[in-house]
Each structure stands twice: as C-alpha cells, then as structure tokens.
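1. requesting a structural model of the entry that follows:
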Amino acid sequence: MAAGGGEKNMAEEMENAFTGCLSNLTNQEHFNIVDYMEVKTGVEQAVQKFLDVAKEMETFFLQKRLLLSNSHPNQLVREECDDLQVELRRKDVLIQKQMRRLQHWQGVFQSCEKGAPPPPPQPQQQQQQMPQMSRQQFMGTPGHGSFQNQAHQSPLAHLAQAASNIGGGFDR
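-> Numbering: from 1, shown residues only. As a prediction, this is how the structure comes out:
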C-alpha cells in the first residue's frame, strides 16, 4: 500500500468488497441459476475478499496506533485514564440507582412488617411493576386469615390457605 493515497484506496476496497457481498446476495440472476454450488462459491469468495480487506484495514490502524504510541506515549496513558474515569462514572450511577432501589424495597418490607400499606412505587419503577394490589388483597380477608398469620405456617398449609382465599379449595 502506498502512503498518502493508501487510506483512500483501502476505504474504496472495503466499500467495493462490501458491495460485492451484497450484490451476490441480492442479484436476480442468482435466483435463476440451477447450480447452487456456483452461487455458494461466489458468495464465499466475496465474503473472503471482504474479510481480507478488513484485516488489511485493521493492520493499517494497528500500525498507526503503534507509531502514535512510540511518538506520543503520554497520549495513550491519557486516553486510558479518560476511559477509566468514564467507566467509573457509569458504575457510580449504576450503584446509586441500585441503592435507591434497595432503600425503596427496604421501606416496602418494613412497612409490610408493621402492617402499614406499602409506600407508593418510585416513578421510574411504575412502568415495570405490575398493578398494585389493594391492602385487603395483600393482607388477606379477615375471615380467611391474614398475611402475618400465614408466615408461621408450613408451605403446604400456606398453599391450602391461599387456595381457599381465592375460592378454590385444596383438599387432600
């Protein structure tokens, strides 16, 4: 590859190889051919040419990156530091989001333990949550036991109680 005009030629080669791949897949004359091995070979050759040009382009950019690292080593360190700072900010935002969710669900859990209605959902979570149940549906009806009483039952007894609450019956 010649310096100077090599970049333009490489970009044109890449574009031509890509166009060749697409034309092999969309060309009407391939649909009329009975010999599918010929079509398969043409597609494979076009894809291989595209991959070869892509490897050449990757090599070109890696060589330029190596030259840059030799001539300006501080710039690579600065770029790496900037990337790490961006990643740290992104992770800090993610941690803050998870902490807000944790605090919300801790509040819901504590209000359920006290028997108070759960606090309203956060605005961000309204789209993701299922419709809210009323306090009576959540706590159970007075005649069929309440949520607090069911916490000390065995799983089978809890299942039987839940089935009786929805009108079904669970007889053994």
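2. which helix in this structure runs the most residues?
-> Under DSSP state H, the helix in the chain containing the largest number of residues is helix 73-114.
3. from the contact counts, what lies against that one?
-> Other helices and strands packing on helix 73-114, by 3 or more CB pairs under 8 Å, 6 or more residues apart in numbering; DSSP states H and E, are helix 36-71. For the C-beta atoms, the positions are set from N, CA and C on the backbone; glycine is no exception.
4. buried sites along the helix it packs on?
-> The neighbour-count check on helix 36-71 (16 or more other CB atoms under 10 Å) flags 39, 42, 46, 49-50, 53 as buried.
5. what packs against that helix?
-> Looks like helix 36-71 contacts helix 6-26, helix 73-114 (3+ CB pairs under 8 Å, 6+ apart).
6. quick one: closest of those helices to Thr59.
-> helix 6-26 (10.0 Å; CB to CB).
7. what's the local residue count around Leu94?
-> Per other CB atoms under 10 Å, the neighbour tally for Leu94 reads 10.
8. how about Cys81?
-> Other residues close to Cys81 by other CB under 10 Å number 10.
9. cool, Ala160 as well?
-> 17.
10. state the mean pLDDT of the helix or strand hosting it.
-> If you go by DSSP states H and E, Ala160 is part of helix 155-165. Mean pLDDT, computed over helix 155-165, is 68.
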